[in-house]
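Asker: Fold the following for me, if possible:
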Amino acid sequence: MKADLNDFMENLEARTPGENEFHQAVEEVIESVWDFYKKNPRYQKIKILERIVEPERVIMFRVPWVDDKGEVHVNRGYRVEFNSALGPYKGGLRFHPSVTLSILKFLGFEQTFKNSLTTLPMGGGKGGSDFSPKGKSDNEIMQFCQSFMSELFRHIGPNTDVPAGDIGVGGREIGYLFGQYKRLKNEFTGVLTGKGLGWGGSLIRPEATGFGAVYFTQHMLKRMGKDIEGHTFAISGFGNVAWGAISKINELGGKVVTISGPDGYIYDAEGISGDKVDYLLELRATNNDIVQPYAEEFGAAFIPGHRPWEATVDIAMPCATENEVGLDDAKNLVKNGCFLFAETSNMGCTAEAVEYLGNLIDFAPGKAVNAGGVAVSGLEMSQNNMRINWPHDEVDERLKHIMDAIHHTCVSYGTNGGKVDYVKGANIGGFVKVADAMLAQGIV
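Answerer: You can find the predicted model right below:
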């Protein structure tokens, strides 16, 4: 069977040369579901795996725009519409210089299974551009967003493809994108999520990924006879995801001692709480993408050029970007007493780190842990369709139920001899729902 799996990956890599991030994401899923797939010939007969790793559609386009000095720039725009078996394509837009087709295919592939786990009717997709909002004026960002949407609008819609924000795409960018879509289509529809509260957005959407990750971690701890209260946490990043996670951890009695940026990380032994959490939003709003000012503001330790995984903590939750935790980082965490790892960023660990952590401590993958963000995006879609706004507590309660259901799915498909393999549980649980829908819909 291992030989068959290797042949499958070799064929995929031959068809998609150089797409390393995509290959990593596919291999991680395929390894988990391979035995299950082989025991279910109904999937093999119509080549579900061969179909599920191919996006239904890849759209690539140029994005010309003019800066404040009158100079013309050209970026690349993408939308990967990966799988619509369960509903309209759903997934974020990322504006960052690192954006490539490989990264967006990996994210769209992961999104397909993540959205399946939420129990909501959403397919998987991802998009973005190699444009960087950093250092740009509001006018320049508006010019870019309007040019980007002038092509993308042809391919999206509330019943076709509903993008959201991601790295580099916050409330400001969503506003510009939505305004251009409305101008071109002459209609006010829920074609984007992450909108402002006054024009179709949902309460707790900015915090949802972090909130959901903490709820999932709470379920993991409960199985161990523990709770969040009294435990220390290492968090990476300092954007909306980290902010939401820190806020909820504080509310539930835990203590967060780290945040990080490209310049290094902060270690705050007293805990990041109160005014310090509010300061994270101010720091993010500066667009400087550094955390050293936090140390200067609150007298905390700043460790330049390092990542927070060398700190002594009970629980680690990476909230920044893909492959931010390597094998050496994983070894440091375990050596320093970390007993639970909740991958809050998308594919936040290298494959070697996942294998190492999964063998020694409780480890849960991003597609399960961070599904709260897209879950509340799905709830925003529902509110838009009904032309209503649910109150904060109702959205939060629905998010709790969704994260409980995701955890239950992971346990159902991942339990073996009393231990839960959350990676296997999340991958098989997500796969079954998508595969069964594809099976029912025929070879399309």
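
Asker: contacting residues for the residue nearest to Pro262 when sequence neighbours are not counted?
Answerer: Spatial nearest neighbour of Pro262, chain neighbours left out: Asp289 (5.9 Å); criterion: Cβ to Cβ, 6 or more residues apart in numbering. Quick note: C-beta positions are derived from backbone N, CA and C, even for glycine. Each residue near Asp289 by Cβ atoms under 8 Å, 6 or more residues apart in numbering is listed here: 134, 261-262.

Asker: Now restrict the residues you listed to buried residues only.
Answerer: Among those, those buried by neighbour count (16 or more other Cβ atoms under 10 Å) are Gly261.

Asker: now, which of the contacts of Asp289 sits nearest Pro318?
Answerer: Of all the contacts of Asp289, Pro318 sits closest to Gly261, with 13.2 Å by Cβ to Cβ.

Asker: Number of residues surrounding the closest residue in space to the closest one that isn't next to it in sequence?
Answerer: In space, and not counting its chain neighbours, Gly261 is closest to Val291: 4.0 Å by Cβ to Cβ, 6+ apart. By the measure other Cβ atoms under 10 Å, the count of residues near Val291 is 23.

Asker: pLDDT score assigned to Val291?
Answerer: pLDDT, Val291: 96.

Asker: That one contacts Asp268, doesn't it?
Answerer: No: Val291 is beyond contact range of Asp268, at 10.6 Å (criterion: Cβ atoms under 8 Å).

Asker: for the strand or helix carrying Asn427, packing partners?
Answerer: For Asn427, the element it lies in under DSSP states H and E is helix 422-441. The contact analysis (3 or more Cβ pairs under 8 Å, 6 or more residues apart in numbering; DSSP states H and E) places helix 422-441 against helix 20-38, helix 41-45, helix 48-52, helix 101-117, strand 362-364, helix 366-369, helix 392-414.

Asker: what's the residue nearest to Pro262 sitting at in phi/psi?
Answerer: Dihedral angles phi and psi of Asp289 (degrees, to the nearest 10) take the values phi 60, psi 40.

Asker: Adjust the sequence numbering to begin at 371 for everything that follows.
Answerer: Sure thing, new numbering starts at 371, so read that last one as Asp659.

Asker: Quick check: it vs Asp633, distance?
Answerer: Asp659 is 8 Å from Asp633, where distance means Cβ to Cβ, to the nearest Å.

Asker: Also Leu490?
Answerer: Leu490 is 37 Å from Asp633, by Cβ to Cβ.

Asker: Those two - which one has more neighbours?
Answerer: Leu490 (21 against 15).

Asker: Wait, the more buried one touches Gly748, no?
Answerer: Yes: using Cβ under 8 Å, Leu490 makes contact with Gly748 at a distance of 3.9 Å.

Asker: Compute the distance between the residue nearest to Pro632 and Trp760, please.
Answerer: Asp659 sits at a distance of 33 Å from Trp760 (criterion: Cβ to Cβ).

Asker: same check, this time on Leu477
Answerer: Distance from Leu477 to Trp760, by Cβ to Cβ: 28 Å.

Asker: Between these two, which is the more surrounded one?
Answerer: Between Leu477 and Trp760, Leu477 has the larger neighbour count (other Cβ under 10 Å), namely 29 against 18.

Asker: Do you know the pLDDT at that one?
Answerer: 94.

Asker: contacting residues for the nearest residue to it once chain neighbours are set aside?
Answerer: Residue nearest to Leu477 in three dimensions, not counting chain neighbours: Lys496, with 4.0 Å by Cβ to Cβ, 6+ apart. Taking Cβ under 8 Å, 6+ apart, we find Lys496 in contact with 449-450, 452, 461-464, 474-475, 477-478, 481, 536.

Asker: next helix or strand past the helix or strand encompassing Lys496?
Answerer: Lys496 is part of strand 494-499 when elements are defined by DSSP H and E. Proceeding N to C from strand 494-499, the next assigned helix or strand is helix 508-522, under DSSP H and E.

Asker: Going along the chain from that next one, find the next helix or strand for me.
Answerer: Criterion used, DSSP H and E; the element after helix 508-522 is strand 531-535.

Asker: got a list of contacts for that following strand?
Answerer: Under Cβ under 8 Å, 6+ apart, the answer for strand 531-535 is 449, 451, 458-463, 492, 495, 497, 522, 525-526, 541, 543-544, 547, 560-564, 743-744, 747, 751.

Asker: Narrow these to those in helices?
Answerer: 522, 541, 543-544, 547, 743-744, 747, 751 (DSSP state H).

Asker: Distance of Pro688 relative to Ser454?
Answerer: Counting by Cβ to Cβ, the gap from Pro688 to Ser454 is 30 Å.

Asker: out of those two, which sits in the busier spot?
Answerer: More crowded of Pro688 and Ser454, by other Cβ under 10 Å: Pro688, with 32 against 22.
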